[in-house]
Each structure stands twice: as C-alpha cells, then as structure tokens.
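Q: Generate coordinates for the sequence data below:
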Amino acid sequence: MTSPDVGHGAKKLKSKILFVSNNFRFGHKREGDVKLLKKFQDKFEYKLVKPKPLIKNKKTVSSTLIRKLLETGNLQ
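A: Coordinates of the predicted model:
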C-alpha cells in the first residue's frame, strides 16, 4: 500500500482525526496498518489516535463484541 492509497482515502473521507486500535487493517488484502497511517498523518493532515483498549468484565470491548451484543439484544 502506498502514499497515494492513504491520501485518496484521507481526502475522500475528509477525516481530521482517526481513532484506530493497534490491530486495525485496511485496504486491498488488508495491507494497510496503523504504522502506515502514522507515517502519512502529517502529509495528509489528519491526526491518528490509538486509545488504550477498554476492558469490561475482563473482556476487551471490540467492534466484534459490540456486534454480538447487539445481535443478542444484550445491551446492559
């Protein structure tokens, strides 16, 4: 994945701040990663934020976990 690939996505989304987890992947065959986004954040004028994982009931709160909870209606 190259600079133009990241730049195209950044311009298209008009993002100023990107929140990502350490294992975030994107693009063709999931070739893009957090290191690549960090490398180009100044060039394409966005800020990359990697918050610490949220742990609840000894589980990392992930998008997968949230989807599973929504599917089962378990929204406590």
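
Q: for Lys68, phi and psi?
A: Main-chain dihedrals, Lys68, degrees, to the nearest 10: phi -60, psi -40.

Q: number of nearby residues for it?
A: For Lys68, the neighbour count with other CB atoms under 10 Å is 11. Every C-beta, even on glycine, is put in place using the N, C-alpha and C of the backbone.

Q: and it, how far is that from Asn22?
A: Computed as CB to CB, to the nearest Å, the Lys68 to Asn22 distance reads 21 Å.

Q: Start and end of stretch 27-34, how far apart?
A: The straight-line separation of the ends of stretch 27-34 (CA to CA, to the nearest Å) is 12 Å.

Q: and what of stretch 34-51?
A: Start-to-end, stretch 34-51 (CA to CA) is 12 Å.

Q: Name the surrounding residues that touch it.
A: Contact with stretch 34-51 is made by 1, 3, 6-7, 10-11, 15-22, 24, as judged by CB atoms under 8 Å, 6 or more residues apart in numbering.

Q: what do you get if the cut-off is 7 Å, keeping everything else the same?
A: Applying CB atoms under 7 Å, 6 or more residues apart in numbering, the contact partners of stretch 34-51 are 1, 3, 6-7, 10, 15-20, 22, 24.
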